[in-house]
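S.K.: Next one to model:
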Amino acid sequence: MVIELLSYDVSPINNLLKIVITIGFALATFILFQCQKRYGGLLHQISILLFISAIAATFSSYFRFQGDFYTSYKWGESIVGLIFIVLSLIIALIIRKKIQAIVHLFEETKGSE
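M.R.: From the prediction side, this is the model:
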């Protein structure tokens, strides 16, 4: 029983977790949609990229779930997953650049004291 519960092929936990992950990404997409409507400036730009990235993650997890039943969906997980990765890297680079600018400002302020 325990072995079957942990088996990838026959366990109901496998599909349940994939559904929970898809719902989690969809919820994150909704929250980020609200953020990009509410905030302006840099936060708006970042939240738009995060919103698009969350959409890609939602589709990727959906294709992952469907890929267990239909082999034609397996390609979707990989392609949309790549979109998610590219957007995540762009967001990380933008955030790193802004954090470096903030650190530079603090270093200038600290040096003038």
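S.K.: what residue ranges in this structure score low on pLDDT?
M.R.: Within the chain, the segments meeting pLDDT under 70 span 1-3, 5-6, 8, 111-113.
S.K.: In it, what residue spans correspond to helices?
M.R.: 2-6, 12-38, 41-67, 74-112 (DSSP state H).
S.K.: number of nearby residues for the nearest residue to residue 59 once chain neighbours are set aside?
M.R.: Spatial nearest neighbour of residue 59, excluding adjacent residues (C-beta to C-beta, 6 or more residues apart in numbering): residue 80 at 4.6 Å. The C-beta positions use only the backbone N, C-alpha and C, and glycine is treated the same way. When neighbours are counted by other C-beta atoms under 10 Å, residue 80 registers 20.
S.K.: pretty sure residue 80 contacts residue 56?
M.R.: Yes: if you go by C-beta atoms under 8 Å, residue 80 and residue 56 touch, sitting 5.3 Å apart.
S.K.: related to what we said a few turns ago, check the helices of the chain for me and report the most buried one.
M.R.: Among the helices of the chain, helix 41-67 has the highest mean neighbour count (mean count of other C-beta atoms under 10 Å), at a mean of 19.
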